[in-house]
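In: Need coordinates for the below:
(2 chains)
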Amino acid sequence: MTSVPLLSVENLRLDLTSGGKTHPAVEGVSFDIAKGETFGLVGESGCGKSITALSIMSLLKPPLGVGGGKIRLDGREIQNLDAAETRKLRGKRISMIFQEPMTALNPLSPVGRQIAEMFVLHEGASWKEAERRAVDALANVRVPAPERRVRDYPHQLSGGMRQRVMIAIALACQPDLLIADEPTTALDVTVQAEILDLMRDLCSARGTAILMISHDLGLVANMCRRVGVMYAGRIVELRPSGDLFRAPSHPYTRGLVASLPRLGTRAASGQRKLQEITGTVPGIAAFPPGCRFHPRCTDMTDVCKATDPGVTQLSGGGAVRCHHHG
Amino acid sequence: MADPSSETLLDVKDLAVHFQLGSKMFGFGDMKTLRAVEGVDLHVKAGECLGLVGESGCGKSTLALTILGLQKPTRGRIVLDGKEVNVATDRGHLARTVQMVFQDPYASLNPRQTVRRTLADPLRLHGVTNSDEVADRVAEMMARVGLRPEQADRYPHEFSGGQRQRIGIARALILKPKLVICDEPVSALDVSIRAQIINLLLELKDSMGLAYIMVSHDLGVVEHMSDRVAVMYLGRIVETGPWREIFERPAQPYTRALIAAIPDPFLPDTGTARGVRGEVPSPLDPPKGCAFHPRCPVAIDACKRAPGPHLVSRPNGHAVSCWRAEEPVAAVV
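Out: Residues are numbered from 1 along each chain as shown, chains lettered A, B, ... in the order given. A predicted model of the protein is given here:
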């Protein structure tokens, strides 16, 4: 690609300081997101996917901090901006929605005002003008009777409606990148489907890129054009999402795909038992040496214990971090 | 002697659980009735796994608590292992027959008790007094769920999430119950650990002859584990049948919507196939007519007027509550 990507994360390291020691919670993470692209980061708890997202928003707080690497927006480094510059980016260029909209919304303020605030802070609109635009913003996220709903407080709305309000706030100023951290995990499945449709429709209509963070491989593969699979602080495989399920290359991804109780697999295989990945996810202070997946890997050899595998580019686009990638 | 696999272990008839909400003072104020469970019939055979599916607020947890004897029913009867459940008189029998595995293994274990104590207490309470026997049974149970017996003197915080769920399973099984209610047993666990716990539950079901009620919103898990499936919506069972019937020939529009809502990683999603709008209405103020009609893509006028029909049996043990169930599928999809 010759054009500058919208977001470029290069060799990112995030450090966790605890008990006087520094542990790299995320290491060597690199990925690009093009304008209007959908990109997913998927992994289990503690793999570093959420703190990677927070670092892009400059929202990391001690004991976590950026230990190295570069984050660029339109080619400009953003990881060392001062507080005032960062505030200009947040909400305006990059915005974020979270798993639990109840804790992310202000319980003491009507939702219309919380949306209007975006127009006042970032676009210098008057409150009167901003409140009027908040009604349109709520209508855009398909909230029924928006002119009445703007006066509601968050506790008066259902979980799905609250997440719509979060999306309305996040997209109010037409950002270039929307970061969605487990946006539907707290919602029922039929509501999840609606929220995902809404995000997809609004972002593709406005050319907003999405960085989606989730533990749900199926959901991410279905929503995003490319997916990075994280394990123990590293991206172990980065592929176009179609390839990820059809021909996973890293043993961890292969194991995950095979272990998911997906609809239809029991009928197809006649088997109730699922393929297991043995062992447990290592903690940040105890990442194994060499390849971090080696203690759980079925293809493990001596080289995996001693040497950290580098990134191998795959034909057909994509990359994998494994000595014995398939 | 009848084949033990066809023995009915649990038989629930016309069960209703209502809650009175609000308060009345000097005869003023509003009392509202929340019908969490309304007219539920279901049965579980010995050694069988019944998957119970539904979204939050559908009453599946209240139903589970009522079967466990932790919630008093408003109406109806529950016969468990040949005896009518009566919480007041026979708590002990109930605890030895039906047990529960909880969703969150972090919240459901006592942090101040060692694994040994957590597993030994139920034994002592139910009359196993010989301390050698208690120690043996604790060690045996730990080995069965894949924990090392020498870990018995550790506390819950020393274990990972998957191991904690193994402790939760051991606690449920230590009294050798016949029925285990599993309430979302893997949804709080890491994705790479879920298959381990699902396989463990399947293995224990076969080796100990257990019956399960698998309460979950994750249809993939339910399809994998269940022999039969019941789908709940706003306190009622709207469809029930063998797992293949439910997943391959779902007849209730709500069941079809649940299945369609699962993202398929092999198909780029266009979002067009779903059709269900809106959210589950408040059970305090359920819609008139069939409770699903405001969200149903195929609702007709009859659905708005008449309450959802009773479950109507079809071939192959399948039963559906829908005014349009008898029409050919092509006409209503």
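In: Give me the contact list for the one helix or strand B:Thr255 maps to.
Out: Using DSSP states H and E, B:Thr255 falls within helix B:253-260. Contacts to helix B:253-260, defined as Cβ atoms under 8 Å, 6 or more residues apart in numbering or on different chains, come from residues A:189-190, A:193, A:263, B:53, B:55, B:219, B:231, B:233, B:238-239, B:246-247, B:250, B:273-276, B:292, B:295-298, B:322, B:324, B:332-333. (Each C-beta comes from the backbone N, C-alpha and C, glycine too.)
In: swap in stretch A:16-31?
Out: Contacts of stretch A:16-31 (Cβ under 8 Å, 6+ apart): A:8-15, A:39, A:41, A:48, A:51-52, A:55, A:62-65, A:67, A:69, A:228, A:230, A:233-235, A:238, A:284-285, A:287.
In: Which parts of the stretch 201-333 of chain B are strands?
Out: B:211-216, B:228-233, B:236-242, B:312-313, B:319-320 (DSSP state E, counting those that start in this stretch).
In: what does chain A give?
Out: Per DSSP state E, chain A carries strands over the ranges A:7-18, A:21-33, A:38-42, A:64-73, A:76-77, A:94-97, A:177-181, A:209-214, A:226-231, A:234-240, A:312-313, A:319-320.
In: Just put those strands in JSON lines and tack on mean pLDDT, mean neighbour count and distance to B:Ala120.
Out: As requested, the strands of chain A are exported to JSON lines (pLDDT from 0 to 100; neighbours: other Cβ atoms under 10 Å in any protein chain shown; distance: least, Cβ to Cβ, whole Å):
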{"stretch": "strand A:7-18", "mean pLDDT": "96", "mean neighbour count": "18", "distance to B:Ala120": "35"}
{"stretch": "strand A:21-33", "mean pLDDT": "95", "mean neighbour count": "19", "distance to B:Ala120": "38"}
{"stretch": "strand A:38-42", "mean pLDDT": "97", "mean neighbour count": "26", "distance to B:Ala120": "41"}
{"stretch": "strand A:64-73", "mean pLDDT": "95", "mean neighbour count": "17", "distance to B:Ala120": "41"}
{"stretch": "strand A:76-77", "mean pLDDT": "95", "mean neighbour count": "12", "distance to B:Ala120": "60"}
{"stretch": "strand A:94-97", "mean pLDDT": "95", "mean neighbour count": "24", "distance to B:Ala120": "47"}
{"stretch": "strand A:177-181", "mean pLDDT": "97", "mean neighbour count": "24", "distance to B:Ala120": "42"}
{"stretch": "strand A:209-214", "mean pLDDT": "97", "mean neighbour count": "24", "distance to B:Ala120": "40"}
{"stretch": "strand A:226-231", "mean pLDDT": "96", "mean neighbour count": "26", "distance to B:Ala120": "38"}
{"stretch": "strand A:234-240", "mean pLDDT": "97", "mean neighbour count": "25", "distance to B:Ala120": "42"}
{"stretch": "strand A:312-313", "mean pLDDT": "95", "mean neighbour count": "12", "distance to B:Ala120": "52"}
{"stretch": "strand A:319-320", "mean pLDDT": "96", "mean neighbour count": "21", "distance to B:Ala120": "48"}
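In: A:Gly159: which of those is closest?
Out: If you check each of these against A:Gly159 by Cβ to Cβ, strand A:94-97 wins as the nearest, at 13.0 Å.
In: Summarise which helices and strands that closest one is packed against.
Out: When contacts are defined as 3 or more Cβ pairs under 8 Å, 6 or more residues apart in numbering or on different chains; DSSP states H and E, strand A:94-97 sits against helix A:159-171, strand A:177-181.
In: the inter-axis angle of the longest one versus strand A:177-181?
Out: Direction vectors for helix A:159-171 and strand A:177-181, defined by axes from the mean of the first three to the mean of the last three Cα atoms, to 10 degrees, enclose an angle of 150 degrees.
In: Export only the CA atoms of helix A:159-171, formatted as CSV.
Out: What follows is helix A:159-171, C-alpha atoms only, in CSV (Å, rounded to 0.1, in the frame of the first residue of the first chain):
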residue,chain,number,x,y,z
GLY,A,159,-29.3,-2.0,27.9
GLY,A,160,-29.6,-1.9,24.1
MET,A,161,-30.9,1.7,24.1
ARG,A,162,-28.0,2.8,26.3
GLN,A,163,-25.6,1.3,23.9
ARG,A,164,-27.3,3.2,21.1
VAL,A,165,-26.8,6.4,23.1
MET,A,166,-23.1,5.5,23.5
ILE,A,167,-22.8,5.0,19.7
ALA,A,168,-24.6,8.3,19.1
ILE,A,169,-22.1,10.1,21.4
ALA,A,170,-19.2,8.3,19.8
LEU,A,171,-20.2,9.1,16.2
